[in-house]
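Undergrad: what follows is a protein structure lacking sequence information:
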């Protein structure tokens, strides 16, 4: 059955920005339900972001785009190494084609991003390179499993992720790969394993995107075969639109997401939620049963966009493509970007909601489920405000139209808001480095 207009719209990048903008317009009128909003403090956020850009890169043009590749670029303490580039160089030295190298990195990044939901502050990963936490730890753990062939069914090539191996992946394999124990708990570990098995099913069900030109019983479907699909989408030589990549991610990986999330017309939408801010009839004391009306739903597709941002760099740098219209991607509504806005006073959680969140918390940080109206409003405002912060950064840099670096928003995120959110959290809450609002993680959302 063909998807309805509402389903297609809510799965689009356009809808992410437009629906979040609607929430932002409510904020400008003082009509948020869960947060106070101080627009005057956006300038201070932009100043803070620029101070980190100047400290670490010199200029915004020298900041690399936000993406999973950054998790594999180690700092001076680990020898200033680029682990992805090292692997590519080794493969090329063994006569692996540039195209296959790009496929392999895509395989790694897809798996690595899908298991990149919040790890919690109690987990860490110990490696020969050092001890890593949170997203860096998850990234290094995924790389080591990739190197050992955990995601590959090939007896000769461990460096791939394919449907056959992912479908057979056990919870214990992932626990071992993440070094999980009672003393080293990882939030939602079993859910992450199920997510990867769902990825295997998505690959099996998506030969159009993931079958590749050599798809057969001896060559099971792989994420990296999306390069072969994209090569057939080009109007100009090796030139695709971000919409072509987004179609692969949002449609090709649709079976990955838990079916219990928001559905419309019987279609699971993924990271899409009812928003009380856009439901004027919602009962303020109890918003747990908001109506699933299309006009009241706000899409984020956070992991899908994080994956798209990450794939862009591979598709361009290793695949040799030119990608158009990348400005359609939005900032990522996750706890570092959103936490920055709360810690710097742009957003202030209402006292009633704060008290409710503290009732679910073991410390002084309020906690909410990912579906809670507080989190939905916070994430929508984060998407909209990241655009405002990027605009302020651009204005402060005084960049003429022709001198704005490509993927500007991705550079602001990397340089940037994500780093600023992490650093201010570490300064204000040094024991845990947690954000100012915690989200109950199931390992599949944040």
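TA: Alright, I've got the coordinates. Values in this document were obtained by computation on a predicted structure and should not be read as measured data.
Undergrad: for the stretch 1-150 of the chain, just list every one of the strands.
TA: For the stretch 1-150 of the chain, the strands defined by DSSP state E, counting those that start in this stretch occupy 35-37, 124-127, 130-133.
Undergrad: mean pLDDT for those strands - can I get that in CSV?
TA: Conversion of the strands of the stretch 1-150 of the chain to CSV gives the following (pLDDT from 0 to 100):
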stretch, mean pLDDT
strand 35-37, 98
strand 124-127, 94
strand 130-133, 90
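Undergrad: a markdown table for these, including mean neighbour count and distance to residue 65?
TA: Heads up, the C-betas are built off the backbone N, CA and C, glycines and all. Listed next are the strands of the stretch 1-150 of the chain as a markdown table, based on neighbours: other CB atoms under 10 Å; distance: least, CB to CB, whole Å:
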| stretch | mean neighbour count | distance to residue 65 |
| --- | --- | --- |
| strand 35-37 | 19 | 29 |
| strand 124-127 | 18 | 25 |
| strand 130-133 | 15 | 22 |
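Undergrad: any idea which of those gets closest to residue 69?
TA: Ranking those by proximity to residue 69 (CB to CB) places strand 130-133 first, at 15.8 Å.
Undergrad: name every strand pairing with that closest one and say which way it goes.
TA: For strand 130-133, the pairing partners within the sheet under DSSP bridges are strand 124-127 (antiparallel).
Undergrad: burial measure for residue 308, as a count.
TA: Under the neighbour criterion other CB atoms under 10 Å, residue 308 is assigned a count of 24.
Undergrad: for it, phi and psi?
TA: Here the main-chain torsion angles of residue 308 (degrees, to the nearest 10) amount to phi -60, psi -50.
Undergrad: my guess is it meets residue 249, correct?
TA: Yes. With contact defined as CB atoms under 8 Å, residue 308 and residue 249 form a contacting pair (5.3 Å).
Undergrad: can you pull the pLDDT of residue 416?
TA: According to the predicted model, the pLDDT of residue 416 comes to 92.
Undergrad: now do the contacts for it.
TA: Residues counted as contacts of residue 416 (CB atoms under 8 Å, 6 or more residues apart in numbering) are 49, 52-53, 63, 66.
Undergrad: out of the residues you listed, which is nearest to residue 339?
TA: Minimum distance to residue 339 across the contacts of residue 416 is 13.7 Å, recorded for residue 49 (CB to CB).
Undergrad: can you get me a residue count around the closest one?
TA: One way to gauge burial is a neighbour count; for residue 49, by other CB under 10 Å, it gives 26.
Undergrad: likewise for residue 43?
TA: Other residues lying near residue 43 total 14 when counted by other CB under 10 Å.
Undergrad: ok, now which ones touch it?
TA: residue 392.
Undergrad: for residue 244, same thing?
TA: When contacts are counted by CB under 8 Å, 6+ apart, residue 244 touches 230, 233.
Undergrad: which element is it on?
TA: When secondary structure is defined by DSSP states H and E, residue 244 falls within helix 242-247.
Undergrad: and after that helix, which helix or strand comes next?
TA: Moving on from helix 242-247 towards the C-terminus, the next helix or strand you reach (DSSP H and E) is strand 263-264.
Undergrad: which residues are contacting that following strand?
TA: With contact meaning CB under 8 Å, 6+ apart, strand 263-264 is reached by 4, 6-7, 10, 269, 292, 294, 297.
Undergrad: can you list the strands that the following helix or strand past it pairs with?
TA: From strand 263-264 onward toward the C-terminus, using DSSP H and E, the following helix or strand is strand 267-268. Listed by DSSP bridges, the sheet partners of strand 267-268 and their directions read strand 263-264 (antiparallel).
Undergrad: and the strand it pairs with, how far out from the chain middle?
TA: The chain centroid and the centroid of strand 263-264 are separated by 22 Å under CA atoms, centre = their mean, to the nearest Å.
Undergrad: equivalent analysis for stretch 225-241, please.
TA: On the basis of CA atoms, centre = their mean, stretch 225-241 sits 23 Å off its chain's mean C-alpha point.
Undergrad: residues in contact with it?
TA: Outside stretch 225-241, the residues that touch it by CB under 8 Å, 6+ apart are 99, 102-103, 106, 208-213, 215, 244-245, 248, 252, 311, 315, 319-325.
Undergrad: which residue is nearest the middle of the chain?
TA: By CA atoms, centre = their mean, the chain has its centre lying nearest to residue 306, at 2.9 Å.
Undergrad: give the buried residues for the host helix or strand of that one.
TA: Secondary-structure element containing residue 306, defined by DSSP H and E: helix 302-317. Judged by neighbour count (16 or more other CB atoms under 10 Å), helix 302-317 contains these buried residues: 302-316.
Undergrad: stretch 235-249 now?
TA: Counting neighbours by 16+ other CB under 10 Å, stretch 235-249 gives 240-242, 244-249 as buried.
Undergrad: quick one: distance of the helix of greatest length in the chain to the chain centre.
TA: As far as residue count goes, and with DSSP state H defining each element, the longest helix of the chain is helix 373-397. The gap between where helix 373-397 is centred and where its chain is centred comes out at 16 Å by CA atoms, centre = their mean.
Undergrad: what's the angle from that helix to helix 302-317?
TA: 40 degrees (axes from the mean of the first three to the mean of the last three CA atoms, to 10 degrees).
Undergrad: what comes up buried for helix 373-397?
TA: By neighbour count, with 16+ other CB under 10 Å as the criterion, the buried positions of helix 373-397 are 373-390, 392-394, 397.
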